[in-house]
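*Asks:* Sequence and predicted structure below; questions after.
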Amino acid sequence: MKLQLLTWCIVGCICLGLVSSAFAVRRLDLSFQDDPRYLPYAFAPFYLAKDGPQRRWLTRAVEVLHVSHGPRDTAWLVFAHNPELTEDMTAQVYFAKLPQLETVSDNGLCLTLTDLYVVSDSKESRKAAVVLGYRSDSLFLMKLFPKPERRDSLYICSGKDATGDGFWRPKAYFIDTMDYDYDGRAELLFFVNTERDIGPRLLVCVDPTDMRIRWRRAVAAPVGSNALFDCRDRTSPGVIFVTQSPGNGIVDSVYDDHNSYLSRIDSSGKVVFARIMATNFQNAGLIRGWREGEFLVTHQIPLDTQATTGPPPDYCMYLSCIDGLGRVLESSKDTIPFVDCWLSDRNDEGTRDLYVAQKYGVVRILNQKLQVTAEGRSCCGIGFMRSLSSWENVGRAMALSVQGTTGAYNSDLKELARTESPYLDIIPVEYDSTGRLLTVLARGVNRAMVAHIERRGLWAFVRIAYLDYQYYILAVLFSLLVGFVVMNYYRSRTRRNLVLISQQKNELEKVHRALKEAQKTIIAQEKYRQAKDIAGGFAHEIRNALFPAEGALGRLATSQGPAAFSPEWVNKYGLKAKEAVGRALQLTRLISQYTKLESEYAPEAVCIASVVEDALNADGALIEQRGIAVRVSGEPGVAVECNRRQFYIVVNNLLLNGIDALADRPHPAITIEWHSDGSMIEFSLADNGCGIEEASQPRVFDTFYSTKPNTGTGLGLSMVKTIVELYGGSISLTSRVGEGTNVCAYLRIAGTNPHGE
């Protein structure tokens, strides 16, 4: 009897241990790498678009038109951008083909774009790009094809300005395409969001093939760009979504933007139900569930409670599994607010786990019963972007946003690769013949990056470690070498020789210190000389500019007699004084512009032909007046790495110098040419003017040095040289008296910067 009792106790303990181990919560190690260079993979960008804050908000600047599976020349991308606020240009949408990003089609649109998307056209049996954009008080949807080029447009709605600037600026963005009504065509859904202006908040459903509006519904609470799904219900088709609660005070017959709603709309645009899920700026979330027609939702208020004034007394956050009719199938609650959640196959077993990211860095993994199977805590927040399948040696990966950075992670949230800048999404672009992911597109608001995925080997980490600690490594090696030499030296030499070496070492250190002091003295003297030359040149030019004003004012002060105060007399000398003061002010503005060149450093791709055309248009009247023949030669699509405004200063200064050199010359002519040698652009401007004396040529780029004593300021060519060298280029000048002058500048081709800036 005692033996049987002991046996049952042992069996019970074993069973209890198995059950407890089966339901044990595993700890996740969420320690993220501080230095992304030590990650096993790297994003190697070969295209970067970094637009500044001077452009209108564009949610998606790049979209993938076609993903390559195998051949690397079949991937297509669509690019869109708004012009800068100071540019008088149209918005651009162009199609490019990988791997060289060769532009296949370019479209100018007289709209301010807000979002870009890609849809399938069932009639054309190909994909097309669609954009949302507004003009004046109207919003339009446009569809564009690359080859042959074609565009279709559709009027969406209108709004009113409420800010007083005369424009209605909606933030319209695409949500998704889906065949939610099983008619064989995928519908396009997007949301028209109004923030400060007066206008509708609309959820719009469009047939992108026929470019017609299927339905549109006023939804005062904004719909998230990734929080709307089709219900997968053939008998009663519709879409289900959750809304945000910005609290702008916009209300319609169903929705109030002070609340977040779980809502369903049928195929005719009619609201089936709208249930309040959160209030007081607490937003809800929605993703697809484990089974067809089921969804997972995070909310603040129980779905069977219709609160209108605030959360219930037992404030907590809920995670529920619901069906397409909003009925709760499973539910759990927590006191820590949810940030994001997503499904992913963690163990590659064919069953997906639910990842839940919460505030304070808490991350949990749940099973289909909403039971926690693993959890961890990090020092930063985590947001999900999308799954990245077929990652080399990893299998399934995911794109996450972690503390303002964007990267790829495995199923245990171990970091694989990281981008240098934060993005809103990472999209696969190219796969090899085995299905391995090769190229991705990372995009954000007004920015994008196309990059290859590179695996770092052992030697790559050794090289990085050497670069980081090379001084320490060299110091150790040098110390070992010195120790070896000293050891052998002691074996073969006497103490007197060691004393002599010590004395020589001290002398060398003294000489080294003396050289360093001399170097500091020379640098200080050179800075003083440069400052003295600049101050002297500035004083000389200001004095020359203001001297006529002093003479004119003195003449007016000493004039006597009736004729001294006649209008003609006063206007004559007053005009001279005004011209002198104006020249002094112009000189001051040039100097101010000269001093700000480095602070305005902003490299971008600048089309040479466009800037040359702007400069010729600006100086066209003077060129025509003097009868100058201008010849322009160069590839129209070549772009240099520079700032457009600063490159315009270079071209315009060289052009004005050439025009001045052609005064009173027979058959005046200017030749502007540019060509590339692979990595650099050679840009030259030549004239057949009076030329420059050989003794003056070495100083033409010096500040305040001018060969035009009456009209020159000595700043034009100095600014040209400074700008060219600022962007990694060089400039030279050749001239012969009586034959003419040729100025040649070398600049980088756009996209060849070795630092990727």
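*Replies:* Alright, I've got the coordinates. Residues are numbered from 1 along each chain as shown.
*Asks:* okay, CA-based contacts and neighbour counts for the rest of this
*Replies:* Fine.
*Asks:* how about the strands in the stretch 401-550 of the chain?
*Replies:* For the stretch 401-550 of the chain, the strands defined by DSSP state E, counting those that start in this stretch occupy 405-409, 415-418, 425-431, 437-444, 447-455.
*Asks:* do you know which of the ones you listed lies nearest Ser378?
*Replies:* Minimum separation from Ser378 across these (C-alpha to C-alpha) falls at strand 415-418, 12.9 Å.
*Asks:* Starting from the closest one, tell me which strands it pairs with and how they run.
*Replies:* Strand pairing for strand 415-418, determined by DSSP bridges: strand 405-409 (antiparallel).
*Asks:* so for the strand it pairs with, what's the average pLDDT?
*Replies:* For strand 405-409, mean pLDDT is 87.
*Asks:* Name the residues of it that come out as buried.
*Replies:* Neighbour counts over strand 405-409 (16 or more other C-alpha atoms under 10 Å) mark 406-409 as buried.
*Asks:* can I get the strands of the stretch 401-550 of the chain in CSV with distance to Thr59?
*Replies:* Below are the strands of the stretch 401-550 of the chain laid out as CSV (distance: least, C-alpha to C-alpha, whole Å):
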stretch, distance to Thr59
strand 405-409, 17
strand 415-418, 21
strand 425-431, 11
strand 437-444, 7
strand 447-455, 9
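*Asks:* Of all the ones you listed, which one comes closest to Ser31?
*Replies:* Judged by C-alpha to C-alpha, the one of the strands of the stretch 401-550 of the chain that comes nearest to Ser31 is strand 415-418, at 9.1 Å.
*Asks:* what residues does the closest one touch?
*Replies:* 32-33, 36, 39-43, 405-410 (C-alpha atoms under 8 Å, 6 or more residues apart in numbering).
*Asks:* one more time with 10 Å
*Replies:* 30-33, 35-43, 391, 394, 397-402, 405-410, 453-455 (C-alpha atoms under 10 Å, 6 or more residues apart in numbering).
*Asks:* Going through these, which ones are buried?
*Replies:* Among the contacts of strand 415-418, those classed as buried by 16+ other C-alpha under 10 Å are 30, 36-43, 391, 397-402, 406-410, 453.
*Asks:* Narrow the residues you listed to those in helices?
*Replies:* Using DSSP state H, no member of the buried ones among the contacts of strand 415-418 falls in helices.
*Asks:* what about the spatially closest residue to Glu673 that is not a sequence neighbour, distance to Ala609?
*Replies:* The shortest distance from Glu673 to any non-neighbouring residue, by C-alpha to C-alpha, 6 or more residues apart in numbering, is to Ser633 (4.7 Å). Look at Ser633 and Ala609: by C-alpha to C-alpha, to the nearest Å, they are 9 Å apart.
*Asks:* Between these two, which is the more surrounded one?
*Replies:* Of the pair Ser633 and Ala609, Ala609 is the one with more neighbours under other C-alpha atoms under 10 Å, namely 18 against 11.
*Asks:* What's the local residue count around the nearest residue to that one once chain neighbours are set aside?
*Replies:* Using C-alpha to C-alpha, 6+ apart and skipping the chain neighbours, the partner closest in space to Ala609 is Pro636 (5.4 Å). A count of nearby residues for Pro636, using other C-alpha under 10 Å, gives 11.
*Asks:* repeat for Arg185
*Replies:* Around Arg185 there are 17 other residues, counting by other C-alpha under 10 Å.
*Asks:* Show me where the protein has its helices.
*Replies:* Under DSSP H, the chain gives helices at 2-22, 458-492, 495-558, 567-595, 608-618, 620-625, 644-661, 716-726.
*Asks:* by contact count, what packs against the fifth one?
*Replies:* Spelled out, that is helix 608-618. helix 620-625, strand 629-633, strand 639-642, helix 644-661, strand 669-676 (3 or more C-alpha pairs under 10 Å, 6 or more residues apart in numbering; DSSP states H and E).
*Asks:* Identify, out of those, the most deeply packed stretch.
*Replies:* Across the helices and strands packed on helix 608-618, the average number of neighbours (mean count of other C-alpha atoms under 10 Å) peaks for strand 639-642, which reaches a mean of 24.
*Asks:* Which elements pack onto that strand?
*Replies:* Applying 3+ C-alpha pairs under 10 Å, 6+ apart, we find strand 639-642 packed against strand 604-607, helix 608-618, helix 644-661, strand 680-687, helix 716-726, strand 740-748.
*Asks:* Dump those to TSV, plus distance to Arg217 and mean pLDDT.
*Replies:* Shown next, in TSV, are the helices and strands packed on strand 639-642 (distance: least, C-alpha to C-alpha, whole Å; pLDDT from 0 to 100):
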stretch	distance to Arg217	mean pLDDT
strand 604-607	42	92
helix 608-618	44	90
helix 644-661	44	88
strand 680-687	54	92
helix 716-726	54	86
strand 740-748	52	92
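*Asks:* Among these, which comes closest to Leu474?
*Replies:* With respect to Leu474, and counting by C-alpha to C-alpha, the nearest of those is helix 716-726 at 33.2 Å.
*Asks:* Identify each buried residue in that closest one, please.
*Replies:* By neighbour count with 16+ other C-alpha under 10 Å, helix 716-726 contains the buried residues 716-724.
*Asks:* Reformat those residues as CSV; add distance to Val119.
*Replies:* As requested, those are arranged in CSV below (distance: C-alpha to C-alpha, whole Å):
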residue, distance to Val119
Gly716, 51
Leu717, 52
Ser718, 52
Met719, 49
Val720, 47
Lys721, 49
Thr722, 48
Ile723, 44
Val724, 44
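*Asks:* List just the nearest of these to Ala750.
*Replies:* When these are compared against Ala750 (criterion: C-alpha to C-alpha), the nearest one is Val724, at 13.9 Å.
*Asks:* Excluding residues flanking it in the chain, which one is nearest the closest one?
*Replies:* Ser730 is the one closest to Val724 (C-alpha to C-alpha, 6+ apart), at 6.0 Å.
*Asks:* can I get the CA coordinates of stretch 164-184 in CSV?
*Replies:* Output of stretch 164-184 as CSV, limited to C-alpha atoms (Å, rounded to 0.1, in the frame of the first residue of the first chain):
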residue,chain,number,x,y,z
GLY,A,164,-7.1,82.4,-43.8
ASP,A,165,-4.3,81.4,-46.3
GLY,A,166,-6.7,80.9,-49.2
PHE,A,167,-6.1,77.2,-49.7
TRP,A,168,-7.9,74.0,-48.6
ARG,A,169,-5.2,71.4,-47.7
PRO,A,170,-6.6,68.0,-46.9
LYS,A,171,-4.5,65.1,-45.8
ALA,A,172,-5.9,62.4,-48.0
TYR,A,173,-4.3,59.0,-47.8
PHE,A,174,-4.8,55.5,-49.3
ILE,A,175,-5.9,52.6,-47.0
ASP,A,176,-5.9,49.4,-49.2
THR,A,177,-7.2,47.7,-52.2
MET,A,178,-9.5,44.6,-51.7
ASP,A,179,-12.3,42.7,-53.5
TYR,A,180,-14.5,42.8,-50.4
ASP,A,181,-17.8,42.3,-52.4
TYR,A,182,-16.5,39.3,-54.5
ASP,A,183,-17.3,41.0,-57.9
GLY,A,184,-13.9,40.0,-59.4
